[in-house]
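Student: structure, please.
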Amino acid sequence: PSLRTHILLTSQQTSMADLSALEQRTRAAEEKMKRLQKEFDEVQAVKRLGTESAHTHDLPEMSAPLTELCAENAKLKYQLNVLQRAFAAEAGAAGGANAKPYDASKYAENFLQTVTDLFTAAIATAFPGVVCDASVAPCTAKIENPGMYQCNAAMALFKEVKGKPDAPKSPRDVALKLIAAVPANDFVEKLETAGPGFINVFVKKSVVAQHVSKLLTVGVLPPPCERKRVVIDYSSPNIAKEMHVGHLRSTIIGDCLAKLFRFVGHDVLAVNHVGDWGTQFGMLIAHLKDQFPNFATESPPIGDLMAFYKASKKRFDEDKEFNHRAHLEVVKLQSGEPEVTRAWNLICDVSRKEFKLIYDRLDVTDLVERGESFYQSRMRDIVARLTEAGLVEDDKDSPGRKIMWTKAPSTIIPLIIVKSDGGYTYDTSDLAAINHRVTEEKADWLVYVVDSGQGDHFSLVFHGAQRAGIYNPAVQRVEHVAFGVVLGPDGKKFKTRAGDTVRLKDLLDEGLVRAAESLEKKAEERKQRGQEAIELSAEEKQRVVEAVAYGCIKYADLSHNRINDYIFSFDKMLDDKGNTAVYLLYAYTRIRSIARQPALAHIDLKAAAAATSIVLEHPKEWKLAQMLVRFPEVIHKILKDFLPNALCDFMYELCTAFSEFYDNVYVIERDASGAVKNINVSRLLLCEGTARVLERCFAILGIRTVEKM
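Tutor: Take a look at the predicted model:
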């Protein structure tokens, strides 16, 4: 790590004991500060109640002990971050086995966090007792003479200290005081005030160059993070029904997050909570027995399971005798009768094969099936536990039904734990699933990638699980990663022209056709412009078509804020201009084509990366390098908010920066005759670094790359 301060790091004898002791001191200070803050808030509340008109200046000042603790706690947090980095460097250099999770060799420094740490410490030093976020963000291109980052805390700090003795007279004065209080370090080149009180942070070029070199020699690494056991629940189609456009977003977003979690080193269990239980299986089993009486010894040729489902549903609705038999089959299934269980397994297997065809096309892997059937016995256990705890009560409006009230905000409906007929509900199975994932799977994070329409349901279930003591939000992170719906060109839910739900298979097939047509059109346009044709074999063409078709569908989804709805349009997805998968894939192949030039055939990039210093003298070199080292902070952000569109935005910015770089500086300098005069190896390595970062981004998004296009 590049950050070095004058505090604590007085020797190279840093040990795990130092780290553990400081962590304990930090936690103790935080707990004490919370207690004092609560007492202070209570005093303020009493004063407000006893005063006809309470104004801010009438309220008591923060108590001296609390003021001291706030300042001390801010310093402790900063010291802890610094010590962790220092320990990582030493343990990594020594190859220490105890370096986890701070083994620096396995992580890339998060520059944004480093700058935030510096200003957090500066705030604690310059304004003791004032609690204020450091508010550090990357500088935008719109800012004149920008640094790499900008601290925007001065305005908020000025409001906090205004009117106090010896307080700065303006936000700009606050900014100057903060600059003076920033700890000594070898990370920042200079700090400058801008506008009313912004602070532009200029990172040393040598630091950025060092991290670009690490990227080239070690690889594209994640930011430092504590390893978690993560259970992520996504896709979740229903057995005996085809996957449709409604499963698209859960599958794509969920798989992207699962890939991200694995990249940063988390222990990930991806769960496919399929619908494989319920009354509908009674009619399917009864219909199977009628159509294929020898199913137990001869595998029935069920080619179209959806047609099979519709035929059984029609009989179930119209034939009373069949309806009665179907209900009896459900009872037999629930009791575990062998013949009925074989029939159920056969139907499930047919569906699994169909699901796998879709997952293979989308490169969705490591998805473990845990359907409703998996939780049947666990549901009985959870009902017994809730009943024993006195949390379940009889529903006065429905005899036999058992309910549980939660402490969810504005709760007007309860969880239904047992139906009036004695059956269980989605509420029951979801409570059982949370209990299983926390107690048996030992999960630290539970992530549910399910549409926004299920928001109220998950709010009730999560609050119910907390009330029952199934999980503690202070220990486990349990989140509903909600998303909007896919819309058609008319702004309504995406349907076929006939008004039916769009099958996922049909959507992917159309994507292949549209991608092939688009690529052929682009090739013809290239030919008409007199440009050299890109020769591809039939196998290479197919790889490109699939990469573009499936990639554009995934990217169109992931590049939008998942919370919002989005309009599905192949025309927009396949555009090679703007923030699209096609543009990014083309940019990637363009970069890869540079190293394939005959003039560079003799250069060993791996050896060059180890032997060559990265030079960042040209403004476009500097801009591109800054973008490359921002990758860890983007990953860190997504781990907080689960919004993958930030990665898409980063990729587009990176490709834009590369385009500016490549259009303004030479990598291979030629004379008038075309002969090679000079090869700038440092710039060639910047090209390689850009390709590697893009390749890692594509891998996280689940999009295939191609070398030629």
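
Student: low pLDDT regions in the chain?
Tutor: Within the chain, the segments meeting pLDDT under 70 span 1-103, 141-145, 410.

Student: run the last query once more with 50
Tutor: Scanning the chain for pLDDT under 50 picks out 1-16, 46-62, 86-101.

Student: which elements pack onto the helix or strand in which Gln376 is found?
Tutor: Using DSSP states H and E, Gln376 sits in helix 376-388. Secondary-structure packing of helix 376-388 (3 or more Cβ pairs under 8 Å, 6 or more residues apart in numbering; DSSP states H and E): strand 402-404, strand 415-418, helix 426-439. Backbone N, C-alpha and C define where each C-beta goes, glycine included.

Student: among those, which comes closest to Ala156?
Tutor: Nearest of these to Ala156, taken as Cβ to Cβ: helix 426-439 at 38.1 Å.

Student: what does that closest one rub up against?
Tutor: Applying Cβ atoms under 8 Å, 6 or more residues apart in numbering, the contact partners of helix 426-439 are 231, 233, 271, 273, 370, 372, 375, 378-379, 381-383, 385-386, 415-418, 443, 446, 457-458, 460-462, 464-465, 468, 470-471, 476, 478.

Student: picking up where we left off before, right, and the helix or strand after the helix holding Gln376?
Tutor: strand 393-394.

Student: adjacent strands (with direction) for that following strand?
Tutor: strand 402-404 (antiparallel) (DSSP bridges).

Student: how close does Pro644 get to Asp133?
Tutor: Separation of Pro644 from Asp133 (Cβ to Cβ, to the nearest Å) stands at 25 Å.

Student: which of the two has more neighbours?
Tutor: Counting neighbours by other Cβ atoms under 10 Å for Pro644 and for Asp133 shows that Pro644 has the greater number, 26 against 13.

Student: hang on, Glu189 in a helix?
Tutor: No. Assessed with DSSP: H, G, I helix; E, B strand; the rest coil, Glu189 is strand; it does not lie in a helix.

Student: was I right to think it contacts Lys204?
Tutor: Yes. Taking Cβ atoms under 8 Å as the definition, Glu189 is a contact partner of Lys204 at 4.5 Å.

Student: quick one: contacts of stretch 615-633?
Tutor: Stretch 615-633 has contacts (Cβ under 8 Å, 6+ apart) with 107-113, 138, 148, 203, 205, 208-209, 211-212, 215, 220-223, 614, 650, 653-654, 657-658, 660-661, 664-665, 682-683, 686, 689-690, 693, 696-697.

Student: whoops, I mixed them up, stretch 486-499
Tutor: Taking contacts as Cβ under 8 Å, 6+ apart, the residues outside stretch 486-499 that touch it are 245-246, 248-249, 485, 501-502, 557, 565-569.

Student: who's in contact with the nearest residue to Val264 once chain neighbours are set aside?
Tutor: Excluding the flanking residues, the one nearest Val264 by Cβ to Cβ, 6 or more residues apart in numbering is Pro222, at 4.1 Å. The contact partners of Pro222, by Cβ under 8 Å, 6+ apart, come to Tyr107, Ala108, Phe263, Val264, Gly265, Pro632, Ile635.
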